[in-house]
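In: Any chance you could fold what I've pasted below:
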Amino acid sequence: MAMSCTTSQPIQLTVDEKIGQLFAPDAYGVYMNESSWAYKRLDHFVREQHVGGFVWFSANVYETAMLNKRLQAASKIPLLISADLESGIGMRMADTTFWPPAMAVAATGDPSFAERQGKATAIEAKALGINHILAPVADVNIDPDNSVINARSYGEDPNDVARYVAAFVRGVRSEGVLTTAKHFPGHGDTHVDSHRALPVLNVTRERLNDVELVPFRAAIDAGVDAVMIGHLAVPALDPTPVATRTDGVRENHYAEINEAPKNATLPATLSRAMIEGVLRHDLGFRGLVVTDAFDMGGLTDYFDAGEAAVRAIEAGDDQILMPSNADAAIAGVKAAVKSGRIPMSRIDESVKRILEAKSRVSHDVADPDEIFRIVDSEASRDLANEIATKALTLVRYEEGALPLKKDARVLELVISDFNESSNPLAELDRDLRARLSHEPQVVMLDAHSWDPKPAIEAARNADVVLIALAVRVRSGAGTIAVPEVARQAIAQLASMNVRKIGVSFGTPYLLREVPSLPTYICAYGRQPVLQAAVGRALFGETKFTGHLPVTIPSFYQRGFGITQ
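Out: The predicted structure follows:
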């Protein structure tokens, strides 16, 4: 069978080459010698397994570009090079701007920022040879305790989310780079992290139509190139039961204990009813269907790598991202094709879609001097800073608390929900030190702290306590909450005669846990651009103009924000 991913000569593919196209292992863009195990692993996937592409994680700019160039040259079939760039190139590339998250973009109230961010991200990605962006997040964040989506979502209103999703898609596609709406059919109303276990979305089909599916429809209308299927059980769409593995093998490295739900039903990634039935038939999507990472607990608790891959292809997935064991997964599919379990025609359907997607993108890498000019350009940094500035949302204000006086004695009480080896808000600290005439004190309380006394003692010598809440989404964490020791400290501070200003550098919902804070600012993430924006706003150099894209239950409704 001849298939083409260019407009010139068709590419003749063997059965093994066709099967390889359906897989995209993980990769890390750090320096590696060609004789190293790390490079030989990538070369093996290209030359021997004929994979369709790679998914980049923590990486450096030039190393990623060089590896992309070498891997493309080694591959008979051009590669799809993917990366999660929800928050710009800095989400994966070190020493580049890490853009504000989706919820911050939505807090500006201006969808054109999503489009401009998408365009800027695509320009920079393309220079490095990345031609497939695994964004935007189309999940509607309804559950305030959602520990995996949260501020990665544009908000809780499906129509608002739809507008930002469509705008981001348009921006990326304007530069000839592929986009991906995720995580179908919707991961926003779940409190279980699919990295750890299988979330169950217990809603009706009518509710799905009115909420979860709205942004996906908008993405499809905007021309989204791919849809990522999440590891989500949705009994209303597919009640097929699944049981946890009994082979004694545990590949779930996110959870310490088996958190798999009882009476689980088939994950969407393996559900023909959800992929072929809802996504393809009902929503009319004709593009590429890719899976969420296949090393996540929401899948590995139930199936080994080979069986999971076979079921995914049977269900209608076109490309399997990051199998827990790529060689075993590919071997499983080869065996299923040889036995007749998977018809060759089914493989050909996906290969045709993959090659068609590849035909629409560049597989080149920019000249090093061009990369030096394009990636993390001044224009990109300026746009990221503008979004950060306009996103800051003042939701509670004590008269006289702002702006900070330059001669104020300030205690920075930095609170994190996990053990920090260094200050997670170092940029904020630098900004405060540059503006204050008295050097601020810093006290950190994290998940391993046990005594609130150092914070209380330090507050006695302060005019202002800046309570900086670095509580944010982390894949596999399973929870998102203020540590108990920090809640104790804030409760004791409530009765002290000192100004208290809370800033959430992550999830905006934290006010529910620390309701005594008289001034509360939402920054939506701890990205350095947001830390710097907070520093400017605290001293009155910029105004607060953002509005909540979500409701903080029992406190403030979506759309609320004090302009000052």
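
In: Which residues outside stretch 393-407 are in contact with it?
Out: Applying CB atoms under 8 Å, 6 or more residues apart in numbering, the contact partners of stretch 393-407 are 107, 410, 435-438, 463-464, 499-501, 508, 511, 517-522, 524, 537-540, 544, 546-548, 552, 555-556, 560-564. C-betas here are computed from N, CA, C, even on glycine.

In: Swap in 7 Å and give it another go.
Out: 107, 435-438, 464, 499, 501, 517-522, 538-540, 544, 546-548, 556, 560-562, 564 (CB atoms under 7 Å, 6 or more residues apart in numbering).

In: and those residues, which are buried?
Out: When these are checked for burial by 16 or more other CB atoms under 10 Å, the buried set is 107, 435-436, 464, 499, 501, 517, 519-522, 538-539, 544, 546-548, 556, 561-562.

In: I'd like the list of the contacts of stretch 393-407 that fall within helices, please.
Out: Members of the contacts of stretch 393-407 lying in helices (criterion: DSSP state H): 107, 435, 538.

In: and of the residues you listed, the nearest to residue 334?
Out: Among the ones in helices among the contacts of stretch 393-407, residue 107 lies closest to residue 334 (CB to CB), at 48.4 Å.

In: who touches the closest one in this structure?
Out: 391, 393, 524, 546-549.

In: Among the residues you listed, give me the pair with the biggest separation.
Out: By the measure CB to CB, 524 and 547 form the most distant pair in the contacts of residue 107, at 11.9 Å.

In: Residue 23 - nearest residue in space that isn't next to it in sequence?
Out: residue 51 (4.8 Å; CB to CB, 6 or more residues apart in numbering).

In: Does that neighbour touch residue 22 like I think?
Out: No: in this structure, residue 51 is not within contact of residue 22 by CB atoms under 7 Å, at 8.6 Å.

In: The two: which has the busier surroundings?
Out: Neighbours of residue 51 and residue 22, each counted by other CB atoms under 10 Å, are more numerous for residue 51; the result is 28 against 25.

In: So this structure: which segments form each domain?
Out: As recorded under automatic domain parsing, the domains making up the chain are 13-373, 392-538.

In: which secondary structure elements does the helix or strand encompassing residue 382 contact?
Out: Assigned by DSSP states H and E, residue 382 belongs to helix 378-391. On a contact count with 3 or more CB pairs under 7 Å, 6 or more residues apart in numbering; DSSP states H and E, helix 378-391 meets helix 102-107, helix 112-127, helix 528-538.

In: for the stretch 451-564 of the chain, what are the low-confidence residue spans?
Out: 474-478 (pLDDT under 70).

In: Same question for the stretch 1-150 of the chain.
Out: 1-11.

In: rewinding a little: can you redo the ones in helices among the contacts of stretch 393-407 as JSON lines with distance to residue 265?
Out: Formatted as JSON lines, the ones in helices among the contacts of stretch 393-407 follow (distance: CB to CB, whole Å):
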{"residue": "107", "distance to residue 265": "35"}
{"residue": "435", "distance to residue 265": "55"}
{"residue": "538", "distance to residue 265": "48"}
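
In: quick one: which of the residues you listed is nearest to residue 491?
Out: Among those, and counting by CB to CB, the member closest to residue 491 is residue 538, at 23.4 Å.

In: Return the distance of that closest one relative to residue 440.
Out: Per CB to CB, to the nearest Å, residue 538 is found 12 Å from residue 440.

In: Specify the angle between the helix holding residue 382 and helix 528-538 in degrees.
Out: Angle, helix 378-391 to helix 528-538, by axes from the mean of the first three to the mean of the last three CA atoms, to 10 degrees: 50 degrees.
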